[in-house]
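Peer 1: would you be able to build a 3D model of this:
(one chain, ligands or ions: 1)
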Amino acid sequence: MKIIKVELPDHSYNVEIENGVLNCTGQLVSSIWSKRKIALVSDSNVAPLYQDRVADALESVGFTVHNYQFPAGEASKSLEVLGNLTREMAADGFNRDDGVIALGGGVTGDLAGFLAATYMRGISLIQIPTSLLAQVDSSVGGKTAVDLDNTKNIIGAFYQPDLVIIDSETLQTLKTRDLVEGYGEIVKVAALSDGDLWKLVQSINSPADILANAKELSIHSVQYKANVVMGDEKEGGLRQLLNFGHTIGHAVEALADGDLRHGEAVSIGMVAITRIFEEKGLSHEGLTQTLIDRLEAVGLPVTSPLLESPAVFDKIKNDKKNRDGHLNLIYVHQIGGPAIKSIPSDDIQDFLDIKTVKV
Ligand SMILES: NC(=O)c1ccc[n+]([C@@H]2O[C@H](COP(=O)([O-])OP(=O)(O)OC[C@H]3O[C@@H](n4cnc5c(N)ncnc54)[C@H](O)[C@@H]3O)[C@@H](O)[C@H]2O)c1
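Peer 2: Model (predicted):
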């Protein structure tokens, strides 16, 4: 079992990664939680696959488990679904000494995480991510949220879990598109961090390669994210680096109106921002193509006609990472060499000059 420690001033926890570890959920949870009632929250795809197995493991060591299920999909990251889950927990008599376990992808982690953050002003939380995106990214770091109208993650909280359990074997039931989407975030981390992860990424040439190396990919990605989060829990500085590819990516994702997954949009965003910085001489020559090669190897999109839409700039200017009239653009000048360039929001259109990004 690989254990990665996330040590924060007010809350420390382990991320435990091993193939098949789902069967040991009972022992792992009982090593940190006293016997209590657990709200085991999953979506309608994950629940039939894994919820009973996890519930049985927890009950076998003395926990009382209530299974809750919500419809799969981003639309469930809503106040309405949050309200329904809260109502169910209240009806089942949950109190502040009980706990929530999020078993599922990033939607489940964000929704059930925010449920834990807000139920009776906060009860204990454990994350068991089952999608690649959730295993390598969203389950670690404590960001929880729901969407409102068309604005993603607008209502949320930083709320750290007590434990994260990652079983790479659960990825075997994930659809290929979902697997590949999560890999977009891995390439992002590899480009930021260089070293062993970039070496591993260079050997990944198909979705099957992603699956075969999932545990190692998770270990490296989680270690990088844990280091960044430990250096900057609430995104004041270092944590901004994780937004590489996200400024343009979020804009394209919003304009795609559900047709692009998050990791796909990040893939397009990483290539676009790198091309712009390479053309300005701020990134090494050939870096854009290096990234394209790695992303295309698994079938990720590297460009989009949406980049030509003038609406891209409206989205970028309204990016919630915009602070004091400035937007911090994250780029890499070489693999393993991330940097931040702060641009006044009013100048962003001239600076990005997206017309130069060949579609
Ligand atoms: N909190 C953070 O730091 C953070 C970071 C990045 C993204 N996110 C959020 O994560 C969400 C996207 O995450 P996602 O891509 O995991 O979406 P998701 O949770 O919707 O999962 C994608 C699909 O895979 C299914 N699924 C998950 N695990 C499965 C498994 N093992 N077998 C079969 N099917 C499975 C789900 O039911 C869903 O249909 C977005 O809402 C995004 O905002 C949060």
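Peer 1: quick check, the residue in the stretch 201-350 of the chain closest to the ligand?
Peer 2: Nearest residue of the stretch 201-350 of the chain to the ligand (Cβ to the nearest ligand atom) works out as His262 at 5.3 Å. C-beta: built from backbone N, CA, C; applies to glycine.
Peer 1: the residue nearest the centre of the chain - nearest residue in space that isn't next to it in sequence?
Peer 2: The centre of the chain sits closest to Ser138, judged by Cα atoms, centre = their mean, with a distance of 2.9 Å. The shortest distance from Ser138 to any non-neighbouring residue, by Cβ to Cβ, 6 or more residues apart in numbering, is to Gly106 (4.1 Å).
Peer 1: same question, Gly104
Peer 2: Val46 (4.2 Å).
Peer 1: and the one you found, how many neighbours?
Peer 2: Neighbour count for Val46, taken as other Cβ atoms under 10 Å: 24.
Peer 1: how far away is it from the ligand?
Peer 2: Separation of Val46 from the ligand (Cβ to the nearest ligand atom, to the nearest Å): 5 Å.
Peer 1: contact partners for that residue?
Peer 2: Applying Cβ atoms under 8 Å, 6 or more residues apart in numbering, we find Val46 in contact with Ala72, Leu103, Gly104, Gly105, Thr108, Thr130.
Peer 1: what does Leu148 give?
Peer 2: Residues counted as contacts of Leu148 (Cβ under 8 Å, 6+ apart) are Ser78, Leu79, Ile154, Ile155.
Peer 1: how does it look with 7 Å?
Peer 2: Neighbouring residues of Leu148 by Cβ atoms under 7 Å, 6 or more residues apart in numbering: Leu79, Ile154, Ile155.
Peer 1: ditto for Gly245
Peer 2: Neighbour list for Gly245: Lys188, Val266, Gly269, Met270, Ile273 [criterion: Cβ under 7 Å, 6+ apart].
Peer 1: and what of His333?
Peer 2: Here His333 is in contact with Leu282, Ser283, His284, Ala339 (Cβ under 7 Å, 6+ apart).
Peer 1: name the SS class of the second one, please.
Peer 2: Secondary structure of Ser283, reduced to three states by DSSP: H, G, I helix; E, B strand; the rest coil: coil.
Peer 1: burial count for it?
Peer 2: 22.
Peer 1: circling back: mind picking the two most distant members of the contacts of His333?
Peer 2: His284 and Ala339 (11.9 Å; Cβ to Cβ).
Peer 1: ok, back up a step: can you narrow the contacts of Val46 to ones near the ligand?
Peer 2: Residues of the contacts of Val46 in contact with the ligand (Cβ under 6 Å from any ligand atom): Ala72, Gly104, Gly105, Thr108, Thr130.
Peer 1: about what we covered before: just the ones of the contacts of Gly245 in strands?
Peer 2: Within those, no residue falls in strands by DSSP state E.
Peer 1: wait, what's in contact with Ser283?
Peer 2: Per Cβ under 7 Å, 6+ apart, neighbours of Ser283: Thr274, Phe277, Tyr331, Val332, His333.
Peer 1: assign the nearest residue to Ser30 once chain neighbours are set aside to helix, strand or coil.
Peer 2: In space, and not counting its chain neighbours, Ser30 is closest to Val61: 4.6 Å by Cβ to Cβ, 6+ apart. Of the three states, Val61 takes coil according to three-state DSSP.
Peer 1: can you check the pLDDT for the spatially closest residue to Ala191 that is not a sequence neighbour?
Peer 2: Once flanking residues are discounted, Ala191 sits nearest to Val332: 5.2 Å by Cβ to Cβ, 6+ apart. We have a pLDDT of 97 for Val332.
Peer 1: give me the number of residues near Val332?
Peer 2: 26.
Peer 1: check for me that it belongs to a strand.
Peer 2: Yes: counting by three-state DSSP, Val332 falls inside a strand.
Peer 1: the stretch 101-250 of the chain: helices as residue ranges?
Peer 2: 106-118, 132-133, 176-193, 195-202, 207-212, 214-231, 246-255 (DSSP state H, counting those that start in this stretch).
Peer 1: how about the residues of the stretch 201-350 of the chain by the ligand?
Peer 2: His262.
Peer 1: where in the stretch 201-350 of the chain is pLDDT low?
Peer 2: In the predicted model, the stretch 201-350 of the chain carries pLDDT under 70 at residues 320-321.
Peer 1: cutoff 80 now
Peer 2: Applying pLDDT under 80 to the stretch 201-350 of the chain flags residues 233-237, 317-324.
Peer 1: show me the shaky parts of the stretch 51-200 of the chain.
Peer 2: Looking at the stretch 51-200 of the chain by pLDDT under 80, you get 150, 194.
Peer 1: so which residues on it come close to the ligand?
Peer 2: Checking the stretch 51-200 of the chain against the ligand by Cβ under 6 Å from any ligand atom, the hits are 72, 74, 77, 104-108, 110, 130-131, 133-134, 137-138, 141, 143, 152-153, 170, 173-174, 178, 181.
Peer 1: and these, which are buried?
Peer 2: By neighbour count, with 16 or more other Cβ atoms under 10 Å, those hold 72, 77, 104-108, 110, 130-131, 133-134, 137-138, 141, 143, 152, 170, 174, 178, 181 as buried.
Peer 1: just to revisit the earlier point, measure the residue nearest to Ser30 to Ala55 for me?
Peer 2: From Val61 across to Ala55, the span is 12 Å (Cβ to Cβ, to the nearest Å).
Peer 1: these two - which one has more neighbours?
Peer 2: Comparing Val61 with Ala55 by neighbour count (other Cβ under 10 Å), the higher total belongs to Ala55, at 23 against 14.
Peer 1: excluding its backbone neighbours, what's nearest the more buried one?
Peer 2: Nearest to Ala55 is Val65, by Cβ to Cβ, 6+ apart, at 4.3 Å.
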